[in-house]
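> quick one, fold the following:
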Amino acid sequence: LDAIAPGDRLLVARGAVVPVDGSIDAIAAVLDVSALTGEPLPQRIAQGGAAMSGSVNAGEAFDLLATRRARESTYAGIVRLVEAAQASKAPMARLADRWSVWFLGFTVLLAGGAWIVTADPLRGLAVLVVATPCPLILAVPVAIIAGLSRAAGSGVLVKSGGALETMARARVLLLDKTGTLTVGRARLATILPENDMAEEEVLRLAASLDQASRHVLAEALVEAATTQGLALSTPLAIREAPGEGIAGLVDGRQVAIGSAGFVATTIGGPAPALPQDQPPGAALVFVGVDGAPAGVLVFEDPIRPEAPAMLADMRRAGIGRIVLLSGDAEAPAQLVGRTLGLDAVTAECTPEGKVGVVRAESRAGPVMMIGDGVNDAPALAAASVGIAMGARGAAASSEAADAVVLVDRLDRVARAIRIARRTLHIARQSVAAGIGLSAAGMVAAALGYLTPVEGALLQEAIDVAVILNALRALRGDEDGAIKAAGTGDAP
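Numbers count the residues shown, from 1 in each chain. As a prediction, this is how the structure comes out:
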């Protein structure tokens, strides 16, 4: 990459990542910019238009004229933003660290006091022996490791015990839209036929022709037709204009699919009429058959089917505020926010803007951020806990996050939060019981009721008890624990 200089001409193959910022030196290019901007559907960029590094070529190969060096490109700027966010992020405070400070002070005061008051060094020694802080040294790590294992078994890889503990305390949830709350790829939503054409026939003819195309929307169209069980025919005499459309013969009928201008030119007349109520953010594909308009195919990026249940689950688990952060346009982002009943929506958000929202929300307490794109990586790094949708997300987001969802299921995040809260509940329970029993033993030793040997035996019994209790985090009912503990945060 360092060898690429402004003015160099690069060939960007189909499916390749644009390596540096540049301009399109072809008739047109089709780019998937969802990881950078949050726009879910492929963007057609005309000749001379700008292409951002990190976007993916979703159409045919094209020439790119480099305009910046790699170190000055969009992708490099996001990487620097991630590094800055990670450097400024406060370290996660561990449960054992917080408890150990006051426990040490209490032990030293009690042991020293017993020795000074009684002038018997054995009493001070007995206090120190009973006070060995094994509930902190052993019970907390055992519970945390058990929780990490249980979360991984549910499809969520949490990278550290500190992240699991912070996940349990989070009260604000920030969500990306494209690929997180939505599927992240185009799906056929509506067919609007014209000239008495049946919907199924419009779909069958269009999908039959699009079998010869490698466009992203062509794949979605063929998938929709096969899902409905339609029998597709083999297209003939195919003519494709990259980024514009495709035409050919299907069962002896002239079919054209693509932009309104391409279809109008191909059929020699007006293109199908635009829908009156076009959904925000939708992509329109026009269809012409035998020289006449046949209809319009409407593609959308649908909301994940499990998203409403997951968000309700989050609120039951104690998340009080849910905010949508999206780089997509205002209208589709607001539509998703209204549909899912979110507390706030911030659209057209740059990576820097997402980091700013994370920091603003963090003033009220620990913030959890869920995203999947390159543009989400800085916010994931800045959040108290960042969770990446790693099954189909960008590698940069998985690298910056504290946890990664290994399967393409959003509802696994809610389960991971329940596991984290139950794990923290068990860890606190083990620490409180262990330290409480140790404190009682220390008082008994200070009063002369326990010798050092008896204190050592008592401490071993306490250790075994708290470790066995901590191992409960390996299994059990997270739902029951959350319900019993209110939000699952109190011991």
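
> count the neighbours of Ala309 for me.
13 (other Cβ atoms under 10 Å). Bear in mind the C-beta positions are built from the backbone N, C-alpha and C, glycine included.

> contacting residues around Ser397?
Residues near Ser397 by Cβ atoms under 8 Å, 6 or more residues apart in numbering: Gly371, Asp372, Gly373, Val374, Asp376, Ala377, Leu380, Ala388, Met389, Gly390.

> chain neighbours aside, what residue packs nearest to it?
Nearest non-adjacent residue to Ser397, counting by Cβ to Cβ, 6 or more residues apart in numbering: Ala388, 4.2 Å away.

> same check on Thr37?
Nearest residue to Thr37, sequence neighbours excluded (Cβ to Cβ, 6+ apart): Gly327, at 4.4 Å.

> verify the stated contact: the one you found with Glu348.
Yes: using Cβ atoms under 8 Å, Gly327 is in contact with Glu348, at 6.7 Å.

> okay, the two: which has more neighbours?
With neighbours defined as other Cβ under 10 Å, Gly327 and Glu348 compare such that Gly327 has more, 26 against 13.

> where does this structure dip in pLDDT?
85-99, 101, 132-135, 391, 393, 476-491 (pLDDT under 70).

> where do the strands of the stretch 251-400 of the chain begin and end?
Residue ranges of the strands in the stretch 251-400 of the chain, as given by DSSP state E, counting those that start in this stretch, are 253-258, 283-289, 292-300, 321-325, 344-346, 367-371, 385-389.

> with distance to Gly49 and mean neighbour count added, can I get these in TSV?
Formatted as TSV, these follow (distance: least, Cβ to Cβ, whole Å; neighbours: other Cβ atoms under 10 Å):
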stretch	distance to Gly49	mean neighbour count
strand 253-258	18	23
strand 283-289	18	25
strand 292-300	21	23
strand 321-325	26	21
strand 344-346	27	17
strand 367-371	26	30
strand 385-389	29	29
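
> ok, which of those strands comes nearest Ala189?
The closest of these to Ala189 is strand 292-300. By Cβ to Cβ, the value is 4.2 Å.

> ok, and what's touching the closest one?
The contact list for strand 292-300, computed with Cβ under 8 Å, 6+ apart, reads 41, 186-195, 197, 199, 202-203, 205-206, 217, 220-221, 255, 263, 267, 269-275, 278-279, 281-288.

> dump the helix or strand where Leu164 lies to PDB, restricted to CA.
Here Leu164 sits within helix 161-169, counting by DSSP states H and E. Output in PDB follows, covering the C-alpha atoms of helix 161-169 (Å, rounded to 0.1, in the frame of the first residue of the first chain):
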ATOM      1  CA  GLY A 161     -13.200 -10.900  32.800                       C
ATOM      2  CA  GLY A 162     -13.200  -7.100  33.200                       C
ATOM      3  CA  ALA A 163     -15.400  -6.800  30.100                       C
ATOM      4  CA  LEU A 164     -17.800  -9.400  31.500                       C
ATOM      5  CA  GLU A 165     -18.100  -7.500  34.800                       C
ATOM      6  CA  THR A 166     -18.700  -4.200  33.000                       C
ATOM      7  CA  MET A 167     -21.200  -5.800  30.700                       C
ATOM      8  CA  ALA A 168     -23.200  -6.800  33.800                       C
ATOM      9  CA  ARG A 169     -23.300  -3.100  35.000                       C
END
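
> distance between that helix and the chain's centre?
In terms of Cα atoms, centre = their mean, to the nearest Å, the centre of helix 161-169 is set 17 Å apart from its chain centre.

> and stretch 323-337, by the same measure?
With Cα atoms, centre = their mean, you get 16 Å for stretch 323-337.

> for stretch 168-178, same thing?
For stretch 168-178, the distance to the chain centre is 9 Å (Cα atoms, centre = their mean).

> next, the angle strand 385-389 makes with the helix or strand where Arg415 lies.
Using DSSP H and E, the element containing Arg415 is helix 411-446. Computed by axes from the mean of the first three to the mean of the last three Cα atoms, to 10 degrees, the angle separating helix 411-446 from strand 385-389 equals 150 degrees.

> next SSE downstream of helix 411-446?
Remark: after helix 411-446, the chain's next helix or strand is helix 452-470, criterion DSSP H and E.

> what angle sits between that next one and helix 411-446?
Using the same axes, to 10 degrees: helix 452-470 against helix 411-446 is 170 degrees.

> hmm, back to that, what angle do the helix holding Leu164 and strand 385-389 make?
When the same axes, to 10 degrees is applied, the directions of helix 161-169 and strand 385-389 differ by 90 degrees.

> what packs against helix 161-169?
For helix 161-169, the packing partners by 3 or more Cβ pairs under 8 Å, 6 or more residues apart in numbering; DSSP states H and E come out as helix 140-153, strand 385-389, helix 411-446.

> for the residue nearest to Thr37, what are phi and psi?
According to degrees, to the nearest 10, the main-chain angles of Gly327 amount to phi -90, psi 0.

> Gln43 touches Ala28, doesn't it?
No: between Gln43 and Ala28 there is no contact under Cβ under 8 Å: 10.4 Å.

> excluding covalently adjacent residues, which one is nearest to Asp328?
Gly38 (4.2 Å).

> roughly how far apart are the one you found and Leu65?
Counting by Cβ to Cβ, to the nearest Å, the gap from Gly38 to Leu65 is 26 Å.

> of those two, who's got more company?
Shown here are Gly38 and Leu65; by other Cβ under 10 Å, Gly38 has more neighbours (30 against 15).

> residues in contact with the host helix or strand of Leu109?
Using DSSP H and E, Leu109 sits in helix 95-118. Contacts to helix 95-118, defined as Cβ under 8 Å, 6+ apart, come from residues 120-121, 123-125, 127-128, 131, 133, 136-137, 140-141, 165, 424, 427-428, 431, 435, 439, 442-443, 445-446, 448.

> end-to-end on stretch 148-158?
By Cα to Cα, to the nearest Å, the extent of stretch 148-158 from end to end equals 6 Å.

> ok now that stretch, how far from the chain's centre?
Distance of stretch 148-158 from the chain centroid (Cα atoms, centre = their mean) equals 15 Å.

> what residues sit buried inside that stretch?
Leu148, Arg150, Ala151, Ser154, Gly155, Val156, Leu157, Val158 (16 or more other Cβ atoms under 10 Å).

> for Arg304, state which of these is nearest.
When the buried residues of stretch 148-158 are compared for distance to Arg304 (Cβ to Cβ), Gly155 wins out at 14.7 Å.
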